[in-house]
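*Asks:* Below are the sequence and a predicted model for it; my questions follow.
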Protein chains: 2
Amino acid sequence: MKRRGLPEPISRLIEVLSRLPGIGEKNATRLAFHILRAPTEFAESLSKAITDTKRKVTLCPICYSFTSENPCEICSDETREKTSICVVEEPIDLIAIERSGEFSGKYHVLHGVISPIEGIGPEDLKIKELLQRLSGVNVREVIIATNPSVEGEATALYLAKIIKPLGIEVSRIAHGIPVGGDIEYIDEITLGKALRDRKRM
Amino acid sequence: MKRRGLPEPISRLIEVLSRLPGIGEKNATRLAFHILRAPTEFAESLSKAITDTKRKVTLCPICYSFTSENPCEICSDETREKTSICVVEEPIDLIAIERSGEFSGKYHVLHGVISPIEGIGPEDLKIKELLQRLSGVNVREVIIATNPSVEGEATALYLAKIIKPLGIEVSRIAHGIPVGGDIEYIDEITLGKALRDRKRM
């Protein structure tokens, strides 16, 4: 929407910024004016960081997390346990778990959860790829760290059902995470505790 | 800071986003991952909007607000009253006042307030330029809409003292704005009322 006194480029920037999650129009306006008042180098580095991220970051062909290397840093790290795989919904959940410092195995990113309401079935997630990984490498345990939502729990149950017959232990990140909460926002201590207290499924 | 599992370009983007006002590291992480998951067009339009804003927007040589035209849209608008000038601290305050729909005159942006603590004196603001404007055009009233902070009040008093001798009426945007508040965040109704209830100084 065009506003009196608002030059078109600023108006456009506010409009694009408002599309970011959790950024309303007033907040977007404040951010736009901050960018405008900051030194040119800041605007340039922000602009470059955005395009660089989009251009250089792809999905790791092993764990499907975001990476700028192939395979990703964690998948290529020989010091991490190969026998334990932690399954998460999104790459950002992986970052949250790394921050807790409680897990030294590998990851697998599903890129979503099973959600019949949104028409997302197991075939829309990286589950086939997980099963391929499990058949290739000697994995002892799969820790399911999907969000404690209805869909996250359903996805965990689904995975347990198909992975346990392979003779692999399946555990679920412990409750302690508030139900309905969002893994990426939980403090490191709680998340670390939830990892230690995981229950066998 | 380099984090395990976080590719360098994302890490860099989070770092730059965290420098924006009100954006903490977790929030920046969420925004970065959102940008990464969104279509490439979104990242491109965001990146372009940032550089465009910085490249195309300058200060209006009359009112010193941000503009992509010369002079700005409001200064060149013949339908607006030339006899009334509303003085604001920052361009974002002008946008907030325009949103209230209560003012149809012209503006003057000071780009700050007098603040002895921060070493900002009248000569660091666009006050000289305001006086030049007042000597050139036939202005009947100057409405001072600086923030209701100590510095905003002091600046208002300073301006009243130097403008009143020119035979121009000087008024102050009414209290009704919570003291210590920030003009850009006040709702339109309150701001409109505060403009209508302005008091002569």
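*Replies:* Yes, it's here. Values in this document were obtained by computation on a predicted structure and should not be read as measured data.

*Asks:* For the spatially closest residue to residue A:120 that is not a sequence neighbour, grab the count of nearby residues.
*Replies:* Nearest residue to residue A:120, sequence neighbours excluded (CB to CB, 6 or more residues apart in numbering or on different chains): residue A:112, at 5.6 Å. Where C-beta positions appear, they are placed from N, C-alpha and C, glycine not excepted. Residues near residue A:112, counting by other CB atoms under 10 Å in any protein chain shown, number 16.

*Asks:* can you give me the strands in chain A?
*Replies:* Using DSSP state E, the strands of chain A run over A:58-59, A:66-67, A:84-88, A:106-109, A:141-144, A:169-172, A:199-200.

*Asks:* does chain B sit close to the first one?
*Replies:* No. Against chain B, strand A:58-59 shows no contacts by CB under 8 Å from any CB of the partner chain, the least distance being 9.1 Å.

*Asks:* so what strands line up beside that strand?
*Replies:* Strand pairing for strand A:58-59, using DSSP bridges, gives strand A:66-67 (antiparallel).

*Asks:* Could you give the number of residues near residue A:105?
*Replies:* Count around residue A:105 with other CB under 10 Å applied: 17.

*Asks:* Over to residue A:73?
*Replies:* 19.

*Asks:* In this structure it contacts residue A:65, no?
*Replies:* No. Using CB atoms under 8 Å, residue A:73 makes no contact with residue A:65, being 9.2 Å away.

*Asks:* any residues in contact with both of the two?
*Replies:* Both residue A:73 and residue A:65 are contacted by residue B:5, under the criterion CB atoms under 8 Å, 6 or more residues apart in numbering or on different chains.

*Asks:* domain assignment for chain A?
*Replies:* Here the domain assignment for chain A is A:8-56, A:66-200, based on automatic domain parsing.

*Asks:* what's the closest of these to residue B:102?
*Replies:* When those are compared by CB to CB, domain A:8-56 sits nearest residue B:102, at 18.2 Å.

*Asks:* how far does that closest one stretch from start to finish?
*Replies:* 30 Å (CA to CA, to the nearest Å).

*Asks:* what's the distance between that domain and the middle of its chain?
*Replies:* How far domain A:8-56 lies from its chain's middle: 23 Å, per CA atoms, centre = their mean, to the nearest Å.

*Asks:* quick one: average pLDDT of that domain?
*Replies:* Per-region confidence: domain A:8-56 scores 94 on mean pLDDT.

*Asks:* where along chain A do the helices fall?
*Replies:* Using DSSP state H, the helices of chain A run over A:8-17, A:25-37, A:40-56, A:91-100, A:127-136, A:150-163, A:188-196.

*Asks:* Can you tell me which of those helices is packed in deepest?
*Replies:* Per residue and on average, the most neighbours among these fall to helix A:91-100, with a mean of 24 (mean count of other CB atoms under 10 Å in any protein chain shown).

*Asks:* Residue A:94 against residue A:87, yeah?
*Replies:* No. Assessed by CB under 8 Å, residue A:94 is found out of contact with residue A:87, at 10.0 Å.

*Asks:* Where among the domains of chain A is average confidence lowest?
*Replies:* Across the domains of chain A, the lowest-scoring stretch is domain A:66-200, with a mean of 89.

*Asks:* do you know how far residue A:111 is from chain B?
*Replies:* Separation of residue A:111 from chain B (CB to the nearest CB, to the nearest Å): 9 Å.

*Asks:* Please report the distance of that residue from residue A:17.
*Replies:* Counting by CB to CB, to the nearest Å, the gap from residue A:111 to residue A:17 is 26 Å.
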